[in-house]
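**Student:** Quick one: sequence and predicted model below, then my questions.
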Amino acid sequence: MLNIFKFKWINICCLVAIFPITFAILPTDIDRNFNRVSNLDLPQINTTTQDFHNRLFVADLHADTLLWNRNLLKRNNYGHVDLPRLEAGNVALQGFGVVTKVPKPLKSNRNDNKTDQITSLAIAFGWPPRTWNNLTQRAIYQANKLDKFIKKSQG
């Protein structure tokens, strides 16, 4: 009986130790796999072209960046949008999508509302439990994330 008791406590201690590590590493790994950026060297741009680009009003009207646990104020080597890269690309307007539900499998011609991939993502990424099964709370959570980044950026 004592050996079984010790064995259970060892298992519980291992789970308690592994749980936070898993949830600290898992979201970044998922993000890196879904949002790869190629490491191709960019071509050199002549000054005439760069000057022209700097005068443009560049707009990107869709990014699902708020879905991921990423610091938008820091340049990342994965994902497609962060403030340093937006500034470097002279992006004047960035539209952020608010993802509340994604069916599985995601089809281009027809989807149903019976499945939802965001629930497992929200749990794995440590979103508050109120977001796990509530689409409105997911939207509010992502909007609040963006608002926090805006305030931290100080303009």
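**Tutor:** Cool, the structure landed.
**Student:** hey, which helix or strand in the protein has the poorest pLDDT?
**Tutor:** Every helix and strand in the chain was compared by mean pLDDT, DSSP states H and E; the lowest is helix 2-34, with a mean of 56.
**Student:** And the next helix or strand past that helix?
**Tutor:** Following helix 2-34 in sequence order, the next helix or strand is helix 47-55 (DSSP states H and E).
**Student:** Check the offset of that following helix from the chain's centre.
**Tutor:** 31 Å (Cα atoms, centre = their mean, to the nearest Å).
**Student:** Show me what the very next helix or strand once past that helix is packed up against.
**Tutor:** Sequence order places strand 58-60 as the next helix or strand after helix 47-55, per DSSP H and E. Contacting strand 58-60 under the criterion 3 or more Cβ pairs under 8 Å, 6 or more residues apart in numbering; DSSP states H and E are the following elements: strand 91-94. All C-beta atoms are positioned from the backbone trio N, CA, C, and that covers glycine.
**Student:** Output the strand it packs on as CSV - backbone C-alpha positions only.
**Tutor:** In CSV, the C-alpha atoms belonging to strand 91-94 read as follows (Å, rounded to 0.1, in the frame of the first residue of the first chain):
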residue,chain,number,x,y,z
VAL,A,91,2.9,50.2,-42.8
ALA,A,92,0.6,53.0,-41.9
LEU,A,93,-2.6,51.0,-41.3
GLN,A,94,-2.8,47.5,-39.9
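**Student:** Show me what that strand is packed up against.
**Tutor:** Taking 3+ Cβ pairs under 8 Å, 6+ apart as the contact cut, strand 91-94 packs with strand 58-60.
**Student:** how far out from the middle of the chain is the strand it packs on?
**Tutor:** 20 Å.
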